[in-house]
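Peer 1: Next one to model:
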Amino acid sequence: MGKQRKAKRIKWGVAGCGRYSELTFIPALEFLRKSSLESLFSNSPKRAKELYDKYGATAHFSNYDEFLKSNINAVYIGSVNADHYEQVKKAAEAGKNILCEKPLAMSSSQAEELVKICEKNNVLLAVNYAHRFHPLVLKAKEIFDSQMLGKLTSIHMNFNIDIPPSNNFRFNKDLSGGGALRDLGTHLIDLMRFFGGEIQTIDGVIDNIIYKSEVEDFASAIIKFKSNGYGHFCVSFNNKKAFNRIEILGHKGAVSIENLIGKKNVSAKLNILLEGEGRKAFRKRGNKLLYLLKSVQNSFLKNEQPMITGYDGLINLQLMEELENKCRK
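Peer 2: Next comes the predicted model:
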C-alpha cells in the first residue's frame with residue numbers, strides 16, 4: 001500500500017460499545033470539529049443499536065469486516081483486551097488509522113506483530129494513554145526537563161481504586177490478561193517512561209490481598225531508569241479510599257500532582273517545591289481524553305506519527321510481562 005493521502009476530516013468507527021465508549025470516548029469525540037462518529041461495532045447487535053440511537057451514528061454493525069468497509073478512515077478499538085490483536089490487525093490491513101485502548105494486545109509478541117503490520121500498511125497506530133496529555137502533567141514535564149529539579153532521584157505514583165470481582169471482563173484472565181497491573185499499572189509505567197525515560201529493570205510483587213479472583217487485586221513495583229534514578233508505583237482494585245498522586249523528586253526540588261489519577265471532572269493540583277523558592281500550587285481542570293483526541297486527530301489529519309505510538313504500547317507490555325514473569329517464580 002502506498003503512502004496515505006492526507007484526510008480533511010476524521011470519520012471514526014468505534015469498535016466496542018462498552019461503558020467507556022458510551023460515557024467517555026464518544027462524548028469527548030463530539031467536541032472535535034474535524035472528527036465525526038460514523039459507524040459502531042459490537043458483537044451484540046442490540047448494544048450497537050443502542051449507541052447508534054443515542055449518538056446518531058451513520059451505521060451500526062455486528063460484523064467487524066462489514067464495519068471496516070463502512071465510510072470510516074479511523075478506528076477506535078475499545079473492545080475487551082483479548083479482541084485488540086485481531087481487530088487492530090484487520091483495521092491495519094484495511095488501511096484505517098487506529099487508536100487502541102491499553103494494553104495494546106494480550107502479549108508483547110502480539111504487540112510487536114501489530115506494530116510491524118501497521119508499518120507495512122502505512123497505518124498510524126496510537127494507544128490511549130491519556131494521562132500524558134493533562135496540562136499539569138505537561139507542565140510538570142516541562143519543569144523536569146528544564147533541570148529545575150536537578151538530578152532525578154525518584155518518582156512515586158499510586159493508582160488505587162475499589163472494584164470488587166464481578167462478571168466484568170477485567171476479572172476473566174482469558175479476556176483481560178491480568179488484573180490491577182494490566183488495567184491500572186500500564187498507565188503508571190507509561191507515565192514513568194514519560195518523565196524518567198526508558199526503564200532498565202523492573203521488579204516487585206503481584207498479589208490478591210482483599211479480593212480473590214482469577215486476576216490480582218494488587219501490584220507494586222520498583223524500577224531503575226536507564227539514565228538515573230528510581231521509580232516506585234502501587235496499583236490496586238482493593239482500596240475504597242486512597243491518596244492517588246504523582247511525586248517527582250530531584251536533588252534540588254520536587255513536584256507532585258494530586259486529583260489527577262483515578263479522578264474525573266475535578267481540578268487537579270500541581271505542587272512545586274524548588275530550592276530557594278516558596279511553595280507554589282496550580283489547579284487545572286482538564287479532560288485528559290479530549291486533549292489526547294485532539295493530538296491524535298491532528299496526527300491523523302497530517303499523516304504524522306502520534307505522540308504515543310504502538311511502539312510505546314509494545315514497551316509497556318514488555319515491562320508488565322517482565323514483572324509478571326518474575327512474580328511467578
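
Peer 1: Test my guess that I77 contacts V88.
Peer 2: Yes: shown here, I77 and V88 form a contact pair, counting by Cβ atoms under 8 Å, at 6.1 Å. (C-beta placed from N, C-alpha, C; glycine too.)

Peer 1: who has more neighbours, these two?
Peer 2: A count of neighbours by other Cβ atoms under 10 Å puts V88 above the other of I77 and V88, at 31 against 24.

Peer 1: got the phi/psi numbers for that one?
Peer 2: phi -60, psi -40 (degrees, to the nearest 10).

Peer 1: From F67, how far out is it?
Peer 2: V88 sits at a distance of 14 Å from F67 (criterion: Cβ to Cβ, to the nearest Å).

Peer 1: can you check L136 too?
Peer 2: From L136 to F67 the distance is 37 Å (Cβ to Cβ).

Peer 1: burial of A48, as a residue count?
Peer 2: 24.

Peer 1: Isn't it up against K54?
Peer 2: No: if you go by Cβ under 8 Å, A48 and K54 don't touch, sitting 10.9 Å apart.

Peer 1: And the spatially most distant residue from the centre of the chain, which helix or strand is it part of?
Peer 2: Going by Cα atoms, centre = their mean, the residue of the chain most distant from its centre is G276, 36.7 Å out. Using DSSP states H and E, G276 sits in no helix or strand.

Peer 1: What residues sit buried inside stretch 313-327?
Peer 2: 313-324, 327 (16 or more other Cβ atoms under 10 Å).

Peer 1: so how far is that stretch from its chain's centroid?
Peer 2: The chain centroid and the centroid of stretch 313-327 are separated by 15 Å, computed with Cα atoms, centre = their mean, to the nearest Å.

Peer 1: Alpha carbons of it, as PDB, please.
Peer 2: The C-alpha trace of stretch 313-327 is given here as PDB (Å, rounded to 0.1, in the frame of the first residue of the first chain):
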ATOM      1  CA  GLY A 313       2.300   0.100  23.800                       C
ATOM      2  CA  LEU A 314       4.800  -2.600  23.000                       C
ATOM      3  CA  ILE A 315       7.400  -1.400  25.500                       C
ATOM      4  CA  ASN A 316       4.800  -1.000  28.300                       C
ATOM      5  CA  LEU A 317       3.600  -4.600  27.600                       C
ATOM      6  CA  GLN A 318       7.200  -5.900  27.700                       C
ATOM      7  CA  LEU A 319       7.700  -4.300  31.100                       C
ATOM      8  CA  MET A 320       4.500  -5.700  32.500                       C
ATOM      9  CA  GLU A 321       5.400  -9.200  31.300                       C
ATOM     10  CA  GLU A 322       8.800  -8.900  32.900                       C
ATOM     11  CA  LEU A 323       7.200  -8.100  36.300                       C
ATOM     12  CA  GLU A 324       4.600 -10.900  35.900                       C
ATOM     13  CA  ASN A 325       7.200 -13.400  35.000                       C
ATOM     14  CA  LYS A 326       9.400 -12.500  38.000                       C
ATOM     15  CA  CYS A 327       6.400 -12.800  40.300                       C
END
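
Peer 1: tell me the mean pLDDT for it?
Peer 2: On average, the pLDDT along stretch 313-327 is 97.

Peer 1: Next: stretch 221-229.
Peer 2: In this model, stretch 221-229 has a mean pLDDT of 97.

Peer 1: Could I get the buried residue list for it?
Peer 2: Buried residues in stretch 221-229, counted by 16+ other Cβ under 10 Å: 221, 223, 225, 229.

Peer 1: And stretch 272-285, by the same measure?
Peer 2: 272-274.

Peer 1: Which of these fall within strands?
Peer 2: Of these, the ones assigned to strands by DSSP state E are 272-274.

Peer 1: Would you reformat those as JSON lines and include distance to E214 and pLDDT?
Peer 2: As requested, those are exported to JSON lines (distance: Cβ to Cβ, whole Å; pLDDT from 0 to 100):
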{"residue": "I272", "distance to E214": "42", "pLDDT": "98"}
{"residue": "L273", "distance to E214": "43", "pLDDT": "97"}
{"residue": "L274", "distance to E214": "46", "pLDDT": "95"}
